[in-house]
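Peer 1: need a structure here:
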Amino acid sequence: MGGQTETTGLKHRTIYNAIYDAIMRGQYKPGDRIPTEKQLAEQFRTSRPTVGRAMRELEERRLIVRHQGVGTFVKRRKHAEGKTLGILLPWQHGETPKPRMTIFAALIPEISRAAGQYAYSLVLNEASSADHGDAVARGRTICKQLIELQVAGVFFMPLDYPQNSRSVNAEIVESFSRAGIPITLLDRDIGLWGDRSKYDVVAADNKRAAFTLTRHLLDMGCTRIDFLMGLTEPSSVTNRLDGFRKALACRGLNPDQTKIVRLDHEELTDATDATMTTEMRSVLERIRQGKTQAVVCVNDATAIRLMQCFAHVGISVPDDVRVVGFDDLPVGGYMPVPLTTMRQNPEALAYEAFRTMLDRMENPAMPARDLLVATELVVRQSCGAHLKQKTGQ
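Peer 2: Model prediction:
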């Protein structure tokens, strides 16, 4: 009896998800009639009561409306025609852009495409400046502009600067909340990992991704692995660091053999013997002494800059040290030593972000959620996998 209940529950969830996804992807548009319960029962090879359960939940979520003797239709949303969504990203220009910015630049057209299926337009605002003070001021200005535009919702990627980021992020989201504008956070929460906000977050599964990436290095024979990150610790970075540590712990490695390196990523750009920081010199010394066999970088931009710095001082990747990144920037695959990394999926991230926004607009009292999107390990030369194949180690 228990197995039958479980199977019925799974089947009802399968039907619910199939109709939900079809609505989100625009296969069924507002006002469209969807198949009858009899047709769905035949399609999914299940009973009409099971289909009815799925339909009731879709109706409770205000995604469909059922008219007796007429049929079931996709509900025309009160936020649909002629409405605008805003997207606020902190953007740092430069020769090597921050990878999350590049990844989310790829995300923008995907969100726009999803929005267009429901007749939404998307307003892009970038808090762009090399100086974090100017970026914070611009972020506040953009927030005010979006409120004045009375946008239906805002996708917000929290600012990430060493000073004032948390207070400014909190100020921005509270301003949107007071204006009654739903928010979906991209990539990370507005505070530290333990300080969960009341807003939905759509991000890569950072902890699992870092675990997978570190485990790959361990499988390559590396046991002395360091982690290189920036000066700030947003929740996305904290999760990557946790995944890194978890992978080491699962192999019973002594944490004293690992160093968490924190430095400004700009310090790696065009670094010379005269300009190199004490922290960076320590990294080089650990490699030369054999204390570091591999470095997990918090993102691809950091990994690329690090490999360029290594080339300048005569350290060979992967012969002297293995290097891996996170994001799969296009440039990473075309480096002199192609970069091993974890690939994010902009299409999946956009889909989940827009789906989460619609949910929030329809159900403002719903508890905050974390929507995690899977990543993919991309193995290239920087991790030394080809060396293992050649030597048969």
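Peer 1: assign a three-state SS to residue 122, would you?
Peer 2: Per DSSP: H, G, I helix; E, B strand; the rest coil, the local secondary structure of residue 122 is strand.
Peer 1: not counting its neighbours along the chain, what's nearest it?
Peer 2: Of all residues not flanking residue 122 in the chain, residue 112 sits nearest, at 4.5 Å (CB to CB, 6 or more residues apart in numbering). Where you see a C-beta, it was placed from the backbone N, CA and C, and this is true even at glycine.
Peer 1: try residue 242
Peer 2: In this structure, residue 242 finds its nearest non-sequential neighbour in residue 207, 5.3 Å apart by CB to CB, 6+ apart.
Peer 1: next one: residue 64
Peer 2: Excluding the flanking residues, the one nearest residue 64 by CB to CB, 6+ apart is residue 58, at 4.7 Å.
Peer 1: surely that neighbour is in a strand?
Peer 2: No: Residue 58 is assigned helix when assessed by three-state DSSP, not a strand.
Peer 1: OK, contacts around the residue nearest the centre of the chain?
Peer 2: Most central in the chain under CA atoms, centre = their mean is residue 203, positioned 2.9 Å from the mean C-alpha point. By CB atoms under 8 Å, 6 or more residues apart in numbering, the contact list for residue 203 reads 186-188, 236, 349, 370-373.
Peer 1: go again using 7 Å as the cut-off
Peer 2: 187-188, 236, 372 (CB atoms under 7 Å, 6 or more residues apart in numbering).
Peer 1: now do residue 337
Peer 2: 307, 317-318, 381-382.
Peer 1: model confidence score at the residue nearest to residue 339 when sequence neighbours are not counted, please.
Peer 2: Computed as CB to CB, 6+ apart, the closest residue to residue 339 that is not its neighbour in sequence is residue 332, at 3.7 Å. We have a pLDDT of 84 for residue 332.
Peer 1: so residue 332, which state does it fall into?
Peer 2: Assignment for residue 332 (three-state DSSP): helix.
Peer 1: gap between it and residue 325?
Peer 2: Using CB to CB, to the nearest Å, one obtains 6 Å as the distance from residue 332 to residue 325.
Peer 1: shared neighbours, those two?
Peer 2: Common contacts of residue 332 and residue 325, defined by CB under 7 Å, 6+ apart, comprise 300, 339, 341.
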